[in-house]
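Peer 1: Provided below are the primary sequence and the corresponding predicted coordinates.
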Amino acid sequence: MLQQYESLNAALADIFGSGIKITQSRQIAGGDINQAFRLDLNNKTQIFMKANTKENLAFFKAEAAGLAAIAGTKAIGTPQVFGYGTEEDRGGFSFLLMEYAQGKKQTPDFWEVFGRQLAAMHRAPAAGFVSDGLYGFREDNFIGAGRQLNTASDSFAAFFRDCRLMPQLRRASRYFEKSDLKKLSGLIERTDRILTEPRYPSLLHGDLWSGNFITGCDGRAWLIDPASYVGHAEADIAMTELFGGFPEAFYKAYQEAAPFQPGYSERRDFYNLYHLLNHLNLFGGAYLMHVRNIVSKYARRMI
C-alpha cells in the first residue's frame with residue numbers, strides 16, 4: 001500500500017532522497033476535476049503531480065488504488081505512482097505524484113498491442129481485488145467526480161443493478177417525469193434479464209474512453225484515471241464504444257485474445273446507461289435524451 005504523506009516536501013524526500021527540491025513547477029493540461037503540474041526536480045527528474053483541495057484527498061487515494069490494481073495484473077502499462085498526501089502550505093491542497101510520461105511516439109502496432117494487453121488484464125486473476133464476493137472492489141471509489149459503490153456481490157447482474165444503475169438513478173430522479181422514472185426503475189430491476197454473467201471476473205479500468213489512456217514511455221498504451229472494480233470485461237469494451245470508439249485493429253486484437261460472449265452488441269448500450277446517467281448527474285440535461293433512447297430501446301424488448 002502506498003504511503004500517505006503530510007507534506008509535499010516530506011513525500012519528495014522520502015521517495016527521491018534528502019536534498020531533493022523542486023526547481024520548476026509548470027501547470028499543464030489536465031482533466032476538469034484536478035489541476036495538473038510537471039515538477040522539475042534538482043536531480044534532473046521530472047514528475048507529474050495532480051492537485052486538488054485538501055478535502056478531496058479521497059480522489060487521489062482511490063486513483064492510486066486503481067492504478068496499483070491495474071499494475072498488479074502485469075498485463076498493461078500505467079504510470080508509476082510514487083505517493084499521495086496533503087500539503088498545509090501554499091493555501092493547502094491534496095496531491096498525487098506519478099511518473100511523467102514524455103509523449104513518446106506510438107509504436108506501429110499500438111492498437112493491436114493495446115487490444116491484446118487489455119484482454120490480458122481482463123483475463124488476469126481478480127480475486128485479490130475484492131474482499132468478499134466475486135464482483136466489486138476493496139473500497140468504494142469515484143467515476144469522474146461521482147462516488148462509485150463497490151459493495152461485493154456474487155452476481156455481476158446484481159452488482160451492476162445495485163452498485164451502478166440504482167445509485168445513479170436516485171441522483172438523477174429530478175430529471176424524469178414520474179412515468180419515465182417508473183419505466184427506468186422497472187427496467188433496472190430486470191437487469192438480470194438483460195446482462196449475462198461473465199465467464200470469469202475481470203479487473204476493469206471502469207472508465208475507459210479515449211481521454212483515459214496515454215502513450216507511455218515505451219510507445220504503448222498506458223491506462224490512467226481508473227474507476228476500477230471487478231466485473232464483466234464487456235463493460236470496459238462498451239465504454240470504449242460510447243464516444244466514437246477505438247480503431248478496428250484494437251477490437252480485432254482483443255477478440256482474438258478474449259472472444260466476446262454471444263450477444264454482446266445487444267448488451268452494450270445497457271452497460272453505457274450507467275455512464276450516461278453519471279454524465280447526466282455531473283454535467284446536466286444534455287445527456288437526458290440519450291438516456292431516454294436507451295431506456296425506450298430496452299423497455300420495448302422487455303414487453
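Peer 2: Received it, and whenever you're ready, just let me know what you need.
Peer 1: in this protein, which spans are strands?
Peer 2: Using DSSP state E, the strands of the chain run over residues 4-5, 22-28, 35-41, 46-52, 81-87, 93-99, 141-143, 146-148, 202-204, 213-215, 221-223, 229-231.
Peer 1: Ala119: which of those strands is closest?
Peer 2: With C-beta to C-beta as the measure, strand 202-204 is the member of the strands of the chain nearest Ala119 (9.5 Å). The C-beta positions use only the backbone N, C-alpha and C, and glycine is treated the same way.
Peer 1: circling back: turn the strands of the chain into CSV, including distance to Glu177 and mean neighbour count.
Peer 2: Output for the strands of the chain, formatted as CSV (distance: least, C-beta to C-beta, whole Å; neighbours: other C-beta atoms under 10 Å):
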stretch, distance to Glu177, mean neighbour count
strand 4-5, 46, 18
strand 22-28, 44, 11
strand 35-41, 39, 16
strand 46-52, 36, 20
strand 81-87, 43, 21
strand 93-99, 40, 22
strand 141-143, 26, 21
strand 146-148, 23, 16
strand 202-204, 33, 28
strand 213-215, 38, 19
strand 221-223, 39, 23
strand 229-231, 31, 29
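Peer 1: got a markdown table for those strands, with mean pLDDT and distance to Thr196 too?
Peer 2: Rendered in a markdown table, the data for the strands of the chain read as follows (pLDDT from 0 to 100; distance: least, C-beta to C-beta, whole Å):
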| stretch | mean pLDDT | distance to Thr196 |
| --- | --- | --- |
| strand 4-5 | 95 | 40 |
| strand 22-28 | 95 | 42 |
| strand 35-41 | 96 | 39 |
| strand 46-52 | 97 | 37 |
| strand 81-87 | 97 | 34 |
| strand 93-99 | 97 | 36 |
| strand 141-143 | 98 | 22 |
| strand 146-148 | 96 | 22 |
| strand 202-204 | 98 | 14 |
| strand 213-215 | 95 | 27 |
| strand 221-223 | 97 | 25 |
| strand 229-231 | 98 | 12 |
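Peer 1: now those strands as JSON lines including distance to Ala11?
Peer 2: Listed next are the strands of the chain as JSON lines, based on distance: least, C-beta to C-beta, whole Å:
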{"stretch": "strand 4-5", "distance to Ala11": "4"}
{"stretch": "strand 22-28", "distance to Ala11": "11"}
{"stretch": "strand 35-41", "distance to Ala11": "11"}
{"stretch": "strand 46-52", "distance to Ala11": "10"}
{"stretch": "strand 81-87", "distance to Ala11": "5"}
{"stretch": "strand 93-99", "distance to Ala11": "6"}
{"stretch": "strand 141-143", "distance to Ala11": "22"}
{"stretch": "strand 146-148", "distance to Ala11": "26"}
{"stretch": "strand 202-204", "distance to Ala11": "27"}
{"stretch": "strand 213-215", "distance to Ala11": "23"}
{"stretch": "strand 221-223", "distance to Ala11": "22"}
{"stretch": "strand 229-231", "distance to Ala11": "27"}
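Peer 1: closest to Phe243 out of the ones you listed?
Peer 2: Ranking the strands of the chain by their distance to Phe243 (criterion: C-beta to C-beta) puts strand 213-215 first, at 13.1 Å.
Peer 1: neighbouring strands - and their directions - for that closest one?
Peer 2: Sheet pairing of strand 213-215 (DSSP bridges) gives strand 221-223 (antiparallel).
Peer 1: pLDDT wise, what is Pro262 at?
Peer 2: Looking at Pro262, its pLDDT reads 97.
Peer 1: what's around it, how many residues?
Peer 2: Residues near Pro262, counting by other C-beta atoms under 10 Å, number 8.
Peer 1: any chance of the backbone angles for Ile224?
Peer 2: Per-residue torsions, Ile224: phi -130, psi 170 (degrees, to the nearest 10).
Peer 1: against Ile194, how distant is Ala299?
Peer 2: 11 Å (C-beta to C-beta, to the nearest Å).
Peer 1: neighbour count winner among the two?
Peer 2: Using other C-beta under 10 Å, the more surrounded residue of Ala299 and Ile194 is Ile194, with 21 against 14.
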